[in-house]
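Enquirer: Generate a structure from the sequence data that follows.
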Amino acid sequence: MEKINVQALVGMETWEETALVADIGNQAQVPIVSFASVVIPPLMPRQWPFLVQMASNVKEQIRCTTAIVRSFDWQKVIAIFEADYYGSDSGMFVVLSDSLQDVGVAIEYRLVLPPFSSLDDPESFVTEAVAEQLSKESRVFIVLQLSLSMSVRLFRESKQMGLNGRDSAWIIIDPVASFLDSVNTSVISSMAGALGIKTYFTEDSRSFLHFKHQFRRIFQSEYPDEDTSEMGIYALRAYDSITATTNAIKRTERLVIEESGPENRSDNKEILSGLVNWPGDLKRVPKGWAMPTDAKPMKIGVPGIPFFQTFVKVDWNGGSNELSFPGFCIDVFYETFDVVIGDVTILENRSKYVEFTQPYAESSLSMIVTLKPQHGKAWIFMKPFTKEMWAVTGAILMYTVFIVWLLERQSNPEFEGRWQNQLGTALWFTSSTLFAAQRDRVHNSYTRVVVLVWLFVVLALSSSYTASLSSMLTTQRLQPNVTDIDWLKKSNATIGCGSYSFISLYSENVLNFDPRNIKAISSEYDYPGEFESGNISAAFVEHPYAKAFLKYYCEGYTLAQPIGGVEHRFGGWGFVFQKGSPIAEDFSQAILTLSENGRLEQLKTTWFIPSPKCFNSQTPDKGDSLSW
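Expert: Predicted structure coming up:
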């Protein structure tokens, strides 16, 4: 540098080269122009004041990458980068991780590759590294930093193993995206469908067209065997750098380079979907997930010991040595797709770790209680009529008495005397028609009409009263043993909850039950025995469980709801998938279809309709008193 009086150093494609030369530039006080793509360290301007980066803005490219991932609703990704000889990733991974975290996207795995030139057997190493990704769920790969040699090897192996097939997505940024200008068609074919983010430059400016003409002429003369003479971003940067340093050592300009990236999520998905040739010629946005195949089928989990077997049951056929899985939840699943499936409630704390589908059944808290005979027949003769009915009947009676008195007091000698005696006579005359035929004579024709109407009313009232009272005296009336949650708490009564259910914690934390008064029930078949022995006074279960229980145990039990006068609703029942799985969205759409075409209601009717004997026994006595 001293012998030839170097005025500037231009080049350096890697960060380790840049850091080494920058130290030399500090000592010689010579400007250094680097092409290395790197996240600029905060102290770099002070540490290397003579260093100028002629490279893409890495943070902007990562921000663009995050926008793409968010636009297509991918929930998990795999990050890939080739470390330098110091094990560094140029700060890209940290920026990517923070950026994705801000939009709720997780990095499932970080594939760190050593420098390609340091590998003794790069082919075997890359093959093993790619094979490890087959066990991962995510099929969205973000390539941060790779050398050209590593990029070629990585994409070829990925294509052979099917990692860049249908429902896979690859996103590459600089410098990998810029290498594509100098690779042959075989490399390009292995990267088909990948999304590339690279620096944009205008091609219609006068300076660009002049340089493009010169570049093609010189390149073709020096490399006549090359397939393409198109220039890439590095040629432009070298030209701009040398031109800028020639004009002014301490002043640099970018003459033809501009940065660009997507911003608006709502527009990007529609725009990008129509422009991208996805891997495998897929005509829709890739799921970005390892979809089930014959070689790797979907693994489905069901409860081994279900609490209510109406919803999911495991049957073993010893003769055929096969398992079968009947149940309402299984039937719903078969109507959607050929996943934990079962009676799983959608709860906020669970949604942090798994992905739920649209609910296929509503869920709320219900209280099952026993029924007891209705006592207190001393006043049962008052029960056939409601209070309102008795009041209306009395009003009609008094009205009739008044009309009879008003019409008969002038012409009927029996209505003579003081007015109090006259009203008493009218009252007796009218009231006696309730129990016997009227033998007293009336003298006014209008009175006969009034009495005739009154007799029809008496006939209807007496017939209804007799029929209702006979029913009450001959039919056993039942009423719930418990109707109020406050009574349970005040009397220290014990309630039953499922052993593996969240209801016990809900009863303790929300309903404020003493945990000592909450008994764990391991099976639906244990509830009758617990009730009969007096171990529990009520059972707290989700509403679908209550319907399933009362379908079989309808005699002597009923449903008291809502609890405490308040309806306690939950998120419903849904199928469970791994967090970020796009299959959950497909299931949700299928469940909505079943709901809209009525198939879901048909399944509920099939599994939950009670037997005819249960219709009356499940309904507690609310009184059959006649009302007006």
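Enquirer: Could you count how many residues lie near residue 515?
Expert: 10 (other CB atoms under 10 Å). C-beta here means a position set from N, CA and C on the backbone, and glycine is covered the same way.
Enquirer: Residue 494 versus that one, what's the distance?
Expert: Residue 515 sits 11 Å away from residue 494, going by CB to CB, to the nearest Å.
Enquirer: again, but for residue 216
Expert: Following CB to CB, the distance that separates residue 216 from residue 494 is 89 Å.
Enquirer: Between those two, which has more neighbouring residues?
Expert: residue 494 (18 against 14).
Enquirer: My guess is that one contacts residue 520. True?
Expert: No: applying CB atoms under 8 Å as the test, residue 494 and residue 520 come out as separate, 11.0 Å apart.
Enquirer: Now do the helix ranked longest in the chain: which elements does it pack against?
Expert: In the chain, with assignment by DSSP state H, the single longest helix is helix 445-474. Under the contact criterion of 3 or more CB pairs under 8 Å, 6 or more residues apart in numbering; DSSP states H and E, helix 445-474 touches helix 387-408.
Enquirer: between the helix it packs on and helix 445-474, how many degrees?
Expert: Between helix 387-408 and helix 445-474, the angle formed by their directions is 160 degrees, by axes from the mean of the first three to the mean of the last three CA atoms, to 10 degrees.
Enquirer: same for helix 387-408, what does it pack against?
Expert: Taking 3+ CB pairs under 8 Å, 6+ apart as the contact definition, the neighbouring helices and strands of helix 387-408 are helix 419-431, helix 445-474.
Enquirer: weakest of these in terms of mean pLDDT?
Expert: If these are sorted by mean pLDDT, helix 419-431 sits at the bottom with a mean of 70.
Enquirer: burial of residue 104, as a residue count?
Expert: The criterion is other CB under 10 Å. On that basis, residue 104 has 9 neighbouring residues.
Enquirer: Can you tell me the SS state at it?
Expert: State at residue 104, reduced to three classes by DSSP: H, G, I helix; E, B strand; the rest coil: coil.
Enquirer: What of residue 81?
Expert: strand.
Enquirer: Where does residue 372 sit, in terms of helix or strand?
Expert: Taking DSSP states H and E as the criterion, residue 372 maps to strand 365-373.
Enquirer: measure the spatially most central residue of the chain to residue 503 for me?
Expert: For the chain, the residue nearest the mean C-alpha position is residue 356 (4.3 Å; CA atoms, centre = their mean). When CB to CB is the yardstick, residue 356 and residue 503 sit 18 Å from each other.
Enquirer: now residue 221
Expert: Counting by CB to CB, the gap between residue 221 and residue 503 amounts to 82 Å.
Enquirer: Which of those two has more residues huddled nearby?
Expert: When neighbours are counted by other CB under 10 Å, residue 221 and residue 503 differ, and residue 503 comes out ahead with 25 against 9.
Enquirer: Enumerate every residue touching the more buried one.
Expert: Contacts of residue 503 were listed using CB atoms under 8 Å, 6 or more residues apart in numbering, and they are 365, 497, 540, 541, 542.
Enquirer: 10 Å - rerun?
Expert: When the contact criterion is CB atoms under 10 Å, 6 or more residues apart in numbering, the partners of residue 503 are 345, 365-366, 495-497, 510-511, 518, 539-542, 545, 568, 570.
Enquirer: How about residue 231?
Expert: Taking CB under 10 Å, 6+ apart as the test, what residue 231 contacts is 181, 182, 208, 211, 212, 214, 215, 216, 219, 238, 239.
Enquirer: just checking, residue 575 touches residue 360?
Expert: Yes: using CB atoms under 10 Å, residue 575 and residue 360 qualify as a contacting pair, with a distance of 7.7 Å.
Enquirer: of these two, who's got more company?
Expert: The residue with more neighbours, out of residue 575 and residue 360 and counting by other CB under 10 Å, is residue 575; that gives 29 against 25.
Enquirer: neighbours around the residue nearest to the more buried one when sequence neighbours are not counted, how many?
Expert: Leaving aside its sequence neighbours, residue 575 sits nearest to residue 357 (CB to CB, 6 or more residues apart in numbering; 4.5 Å). When neighbours are defined as other CB under 10 Å, residue 357 has 27 of them.
Enquirer: now residue 396
Expert: Close neighbours of residue 396, defined as other CB under 10 Å, add up to 16.
Enquirer: and it, what does it touch?
Expert: Applying CB under 10 Å, 6+ apart as the definition, the contact partners of residue 396 turn out to be 430, 453, 454, 457, 458, 461.
Enquirer: tell me the pLDDT at the residue lying closest to residue 13 once chain neighbours are set aside?
Expert: If the residues on either side of it in the chain are set aside, residue 13 comes closest to residue 35, at 5.2 Å by CB to CB, 6+ apart. The per-residue pLDDT reported for residue 35 equals 83.
Enquirer: which residues touch residue 35?
Expert: For residue 35, the contact set (CB under 10 Å, 6+ apart) comprises 10-14, 17-18, 53-56, 175, 178, 233-234, 237-238, 241.
Enquirer: where's it relative to residue 12, distance?
Expert: Separation of residue 35 from residue 12 (CB to CB) stands at 6 Å.
Enquirer: what's the overlap in contacts for the two?
Expert: Common contacts of residue 35 and residue 12 (CB under 10 Å, 6+ apart): 18, 53, 54, 55.
Enquirer: which one of the residues you listed is nearest residue 245?
Expert: residue 54 (10.2 Å; CB to CB).
Enquirer: quick one: contacts for that closest one?
Expert: Contact partners of residue 54, counting by CB under 10 Å, 6+ apart, are 10-12, 33-36, 234, 236-238, 240-241, 244, 252, 254, 257.
Enquirer: ChimeraX command to pick out the buried ones of these?
Expert: Paste this into ChimeraX to select the buried members of the contacts of residue 54, with burial taken from 16 or more other CB atoms under 10 Å:
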select :10,11,12,33,34,35,36,234,236,237,238,240,241,244,252,257
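Enquirer: which residues in the stretch 101-250 of the chain form strands?
Expert: Secondary structure of the stretch 101-250 of the chain (DSSP state E, counting those that start in this stretch): strands located at 106-113, 140-145, 169-173, 195-197, 200-201.
Enquirer: least reliable of those strands going by mean pLDDT?
Expert: When these are compared by mean pLDDT, strand 200-201 comes last with a mean of 78.
Enquirer: helices or strands up against that strand?
Expert: In terms of contacts (3 or more CB pairs under 10 Å, 6 or more residues apart in numbering; DSSP states H and E), strand 200-201 is packed against helix 233-247, strand 257-258.
Enquirer: can you map out the helices along the stretch 1-150 of the chain?
Expert: In chain order, the stretch 1-150 of the chain shows helices spanning 15-28, 44-47, 58-71, 92-102, 122-132, 148-160, with DSSP state H, counting those that start in this stretch as the criterion.
Enquirer: other SSEs contacting the last one?
Expert: This means helix 148-160. Contacts of helix 148-160 with other secondary structure elements, assessed using 3+ CB pairs under 10 Å, 6+ apart, are made with strand 76-82, strand 106-113, helix 122-132, strand 140-145, strand 169-173, helix 176-179, helix 185-190.
Enquirer: Need the pLDDT of the closest residue in space to residue 44 that isn't next to it in sequence.
Expert: When the adjacent residues along the chain are set aside, residue 44 lies closest to residue 51, with 6.9 Å between them (CB to CB, 6+ apart). Here the pLDDT value assigned to residue 51 is 86.
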